[in-house]
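A.B. asks: Show me the folded form of this:
(one chain, ligands or ions: 1)
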Amino acid sequence: MKKQVLVLAVTAALLAACGKKEEPAPVAAPAPAPVAAAPAAPPAEEKVLNIYNWPDYIPEGMIAAFEKETGIKVNYDTFETNEALHAKLVAGNTGYDIVVPGVVFAKPQIEGGLYQPLDKAKLTNLKNLDPAVMQVLSKADPDNQHLVPWAWSFTTVGINKGKVEKALGKMPMPENAWDLVFKPEYTAKLKSCGIAYLDSPTEILPVALHYVGKDAYSNNPDDYKVATDMLAKVRKDIRMFSSTMIDDVASGKACAVIGWAGDINIAAARAVENKSKDVIEALLPATGATAFFDTMAITKDAKHPQNAHAFIDFFLRPENAAAMANDMTYNSGNLAAKDQIKPEIAGNKSIFVDAEYMTGKMIAPGSFTNEAREAMANAYNRFKQGK
Ligand code: SPD
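C.D. replies: Numbering: from 1, shown residues only. The predicted model follows:
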């Protein structure tokens, strides 16, 4: 309305400046100006919120606390890989309001218009976030318009210490922990106690690429061939492919894994709860590990965007972010939560990684083109099928 009024005023001024000689035609009395409407309140949303997140990735009681405080009923579903979430988003009409993509996938998803920009005025707790984490996210999401951190950790080697030492016998632990899962001399021994890999091309190829000396986020299919040639040599020794391996690690079904440090730490805690004597550790390989950042984003066709903002802001409260670290052993990227982190969690170097490893060894997330992702999926599937 305002813009139209401005255009009309400019037209009138231009006509006046032209100095028309003829008598002006009689004009009808102007219609009364419409009464300026107060800014319309957004229509009330039904008290529902649909969230799609990874399994084992939210502190117990958090959803119930949000529901109690807001009266919003949360429907919470899970997916196991970024590939699965991506396929759902691309197919459209997900029915989800909030999804939790890894930043590696979020870049093409933002570029493809799959998310709506956040209304930062509704997120009063944004100020709690670590600017360094926001800067990482801004590589995928310029100006931090669409994403806020859910949690971050890294993909690494996890071991059941006693079982690995026993299976290796006289062989000492390698200097580079990746040898345990990629080098035939080690895998041949560890297959007896169980080697597990995450089940996703974009988890396994980056660490394999790094191991063979290539860029972990290479978009070159020739590099995938080098990585899968290496992987083919250990394929027969891999017992399972799974992105939900916490119980397998905790119960001793897998002794050496490529997994997420957070999940490996959950397995370690679960083994203790189960009164097992097994010591489970997430290692910090000497040659580095791949950091990942999972983020909250609101889908472009979310039916409950206001509820989604309410949940995001709730999650960004220091006490909730602290619960993510204390209960789930994942770092939330929330600086204001720092004082509420339990000392044993704050002191665990595979959760709060020290600055030296972070800057010297940790591999920052990159991104893959659609073509690269397809080539990577084909290479991975051939490897998995032993072809
Ligand atoms: N327990 C769920 C952990 C979720 C991890 N997301 C990992 C994304 C890595 N690229």
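A.B. asks: Roughly how far does Leu284 sit from Ser153?
C.D. replies: 12 Å (C-beta to C-beta, to the nearest Å). No exception for glycine: its C-beta is placed from N, CA and C like everyone else's.
A.B. asks: And Ser332, by the same measure?
C.D. replies: On the measure of C-beta to C-beta, Ser332 and Ser153 end up 10 Å apart.
A.B. asks: which one is the residue most central in space within the chain nearest to, not counting chain neighbours?
C.D. replies: The geometric centre of the chain, computed from its C-alpha atoms, lies nearest to Asp294 (C-alpha atoms, centre = their mean), at 1.6 Å. Distances taken as C-beta to C-beta, 6 or more residues apart in numbering put Trp150 closest to Asp294, at 4.6 Å, once the chain neighbours are dropped.
A.B. asks: In the stretch 151-300 of the chain, what residue lies closest to the ligand?
C.D. replies: Phe292 (3.6 Å; C-beta to the nearest ligand atom).
A.B. asks: Give me the mean pLDDT for stretch 325-344.
C.D. replies: Across stretch 325-344, the average pLDDT comes to 97.
A.B. asks: does it come close to the ligand?
C.D. replies: No. Stretch 325-344 does not reach the ligand (C-beta under 6 Å from any ligand atom); its nearest approach is 7.3 Å.
A.B. asks: Quick one: residues in contact with that stretch.
C.D. replies: With contacts defined as C-beta atoms under 8 Å, 6 or more residues apart in numbering, stretch 325-344 is touched by 56-60, 125, 127-130, 133-134, 149-153, 261-262, 265-266, 269, 293, 316, 318-319, 321-322, 324, 345, 348, 351-352.
A.B. asks: Buried subset of those residues as a PyMOL selection?
C.D. replies: A single PyMOL command selects the buried members of the contacts of stretch 325-344 (16 or more other C-beta atoms under 10 Å):
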select buried, resi 56+57+58+59+125+128+129+130+133+134+149+150+151+152+153+261+262+265+266+293+316+318+321+322+324+345+348+351
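A.B. asks: can you give me how far stretch 83-92 is from the chain middle?
C.D. replies: Computed by C-alpha atoms, centre = their mean, to the nearest Å, the chain-centroid distance of stretch 83-92 equals 14 Å.
A.B. asks: Show residues contacting it.
C.D. replies: Taking C-beta under 8 Å, 6+ apart as the rule, stretch 83-92 contacts 52, 79, 94, 96, 99-101, 105, 109, 112, 114, 200-202, 299, 301, 373, 377.
A.B. asks: That stretch and the ligand, are they touching?
C.D. replies: No. Using C-beta under 6 Å from any ligand atom, stretch 83-92 stays clear of the ligand, coming no nearer than 9.9 Å.
A.B. asks: Return the set of buried residues in that stretch.
C.D. replies: 83, 85-86, 88-89.
A.B. asks: Now, those residues that are in helices?
C.D. replies: 83, 85-86, 88-89 (DSSP state H).
A.B. asks: so the nearest residue to Tyr197 once chain neighbours are set aside, which of the three states?
C.D. replies: In space, and not counting its chain neighbours, Tyr197 is closest to Ile258: 4.8 Å by C-beta to C-beta, 6+ apart. Three-state call for Ile258 (DSSP: H, G, I helix; E, B strand; the rest coil): strand.
A.B. asks: need the strands for the stretch 1-150 of the chain, in chain order.
C.D. replies: Here the stretch 1-150 of the chain has its strands, by DSSP state E, counting those that start in this stretch, at 48-53, 73-78, 98-99, 148-160.
A.B. asks: can those strands go into JSON lines with extra columns for mean pLDDT and distance to Lys214?
C.D. replies: Shown next, in JSON lines, are the strands of the stretch 1-150 of the chain (pLDDT from 0 to 100; distance: least, C-beta to C-beta, whole Å):
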{"stretch": "strand 48-53", "mean pLDDT": "98", "distance to Lys214": "31"}
{"stretch": "strand 73-78", "mean pLDDT": "98", "distance to Lys214": "32"}
{"stretch": "strand 98-99", "mean pLDDT": "98", "distance to Lys214": "30"}
{"stretch": "strand 148-160", "mean pLDDT": "98", "distance to Lys214": "16"}
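A.B. asks: any chance of those in TSV, with distance to Met328 too?
C.D. replies: Listed next are the strands of the stretch 1-150 of the chain as TSV, based on distance: least, C-beta to C-beta, whole Å:
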stretch	distance to Met328
strand 48-53	11
strand 73-78	14
strand 98-99	17
strand 148-160	7
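A.B. asks: Take those and write them to CSV, including distance to the ligand.
C.D. replies: As requested, the strands of the stretch 1-150 of the chain are exported to CSV (distance: least, C-beta to the nearest ligand atom, whole Å):
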stretch, distance to the ligand
strand 48-53, 8
strand 73-78, 9
strand 98-99, 12
strand 148-160, 6
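A.B. asks: circling back to that earlier point, how much does the strand or helix carrying the residue of the stretch 151-300 of the chain closest to the ligand deviate in direction from strand 256-260?
C.D. replies: Element membership of Phe292 [criterion: DSSP states H and E] is strand 290-298. Here strand 290-298 runs at an angle of 40 degrees relative to strand 256-260 (axes from the mean of the first three to the mean of the last three C-alpha atoms, to 10 degrees).
A.B. asks: Which strands and helices lie in contact with the helix or strand just after strand 290-298?
C.D. replies: Using DSSP H and E, the helix or strand that follows strand 290-298 in sequence is helix 305-315. In terms of contacts (3 or more C-beta pairs under 8 Å, 6 or more residues apart in numbering; DSSP states H and E), helix 305-315 is packed against strand 48-53, helix 62-70, strand 98-99, strand 290-298.
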